[in-house]
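Visitor: pasting a predicted model and its sequence here:
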Amino acid sequence: MTDPAIRLAGATIGYGDVAIVRDADLTVRRGEAVAVLGSNGSGKTTLSRGLLGLATVLGGTVEVLGAPVGRLRERGRVGYVPQRHTVSGAMPATVREVVGVGRLPRLGLFGRPGARDRAAVAEAVEAVGLADRLADPVAALSGGQQRRVLVARALAAEPELLVMDEPTAGVDAASQAALADVLARVSAAGTTLLVVTHETGPLAGVLTRAVVVDSGRLTYDGPLAGAGTAGPDCHHPDEAARPPVRGYRLDQPRPAPDAVRLRHGSR
Ligand SMILES: Nc1ncnc2c1ncn2[C@@H]1O[C@H](COP(=O)(O)OP(=O)(O)OP(=O)(O)O)[C@@H](O)[C@H]1O
């Protein structure tokens, strides 16, 4: 049986000795496309950073692609698009160079890019619609285009798991649609996606499952369509009396594991 892409069991994640995400249980199977929702400061970024070894695991288990976090040998197997990042204006690098950096973890012993590496970089740039800007300095691109460069940088490594923190923030509607297309293709090819977002609209066709983080706790895990009634961003006046139709709220008694598995589908 293949290891899940992500497995959290009783996981507490934070910074220093301060716990932000507490006692989280979450299993994401290979090929799933999961949204992480929740209000500002609820702990979504901390959860995603915990998967990359960028926040501290203070307790419980955090495994990525079958290995405890930080122990994965081939780092290129996990891609990351950080939050609110553009590429530093002080960096005189071209689009090709920045995206090429994303391929470094995949290079062989001598670190020389081969034909396959060059093709992966070109495909990643093409996928985000910036093929005509390959030779341009990244600093000359708009903020939204720079975010697309960062998405391409993550794609260049052809990751098995792609973690993205608000990839559509500050990106215009056309670019959001282009990004949704890219993610749909990447997902169809089998890459697991975990996407922190406030805007599920643009990616609704791609992300099928959602987890909601509320004050550091996972309070919902189920179909994206059901997250609205559980998510603090989509508060309904009688939310407490109205659990989502198909997902399950994690602060209520859980259904039997079989029922949960069925609800998540069997991809
Ligand atoms: N590097 C850090 N050191 C200490 N505390 C941090 C650090 N980064 C975030 N925090 C704290 O962790 C809590 C959760 O922040 P986090 O960025 O995970 O929330 P979020 O749900 O992603 O919010 P947003 O939607 O605004 O991006 C906040 O109280 C924040 O102040």
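Guide: Received, thanks. Treat the numbers as computed from the prediction; the structure is a model and nothing was measured.
Visitor: in the protein, which helix has the most residues?
Guide: Counting residues, the longest helix found in the chain (DSSP state H) is helix 173-188.
Visitor: next one: that helix to chain centre, how far?
Guide: 14 Å (CA atoms, centre = their mean, to the nearest Å).
Visitor: by contact count, what packs against it?
Guide: Contact partners of helix 173-188 among helices and strands, from 3 or more CB pairs under 8 Å, 6 or more residues apart in numbering; DSSP states H and E: helix 115-127, helix 143-155, strand 192-196. Where C-beta positions appear, they are placed from N, C-alpha and C, glycine not excepted.
Visitor: between helix 115-127 and it, find me the angle.
Guide: 140 degrees (axes from the mean of the first three to the mean of the last three CA atoms, to 10 degrees).
Visitor: Ser187 and Leu203 touch, don't they?
Guide: No - contact criterion CB atoms under 8 Å: Ser187 and Leu203 do not qualify, at 10.1 Å.
Visitor: higher neighbour count, those two?
Guide: The residue with more neighbours, out of Ser187 and Leu203, is Leu203; 23 against 20, by other CB atoms under 10 Å.
Visitor: the residue nearest to Leu155 when sequence neighbours are not counted: how many residues sit nearby?
Guide: In space, and not counting its chain neighbours, Leu155 is closest to Ala124: 4.0 Å by CB to CB, 6 or more residues apart in numbering. Ala124: 25 surrounding residues under other CB under 10 Å.
Visitor: over to the one 5 residues further on?
Guide: One way to gauge burial is a neighbour count; for Gly129, by other CB under 10 Å, it gives 17.
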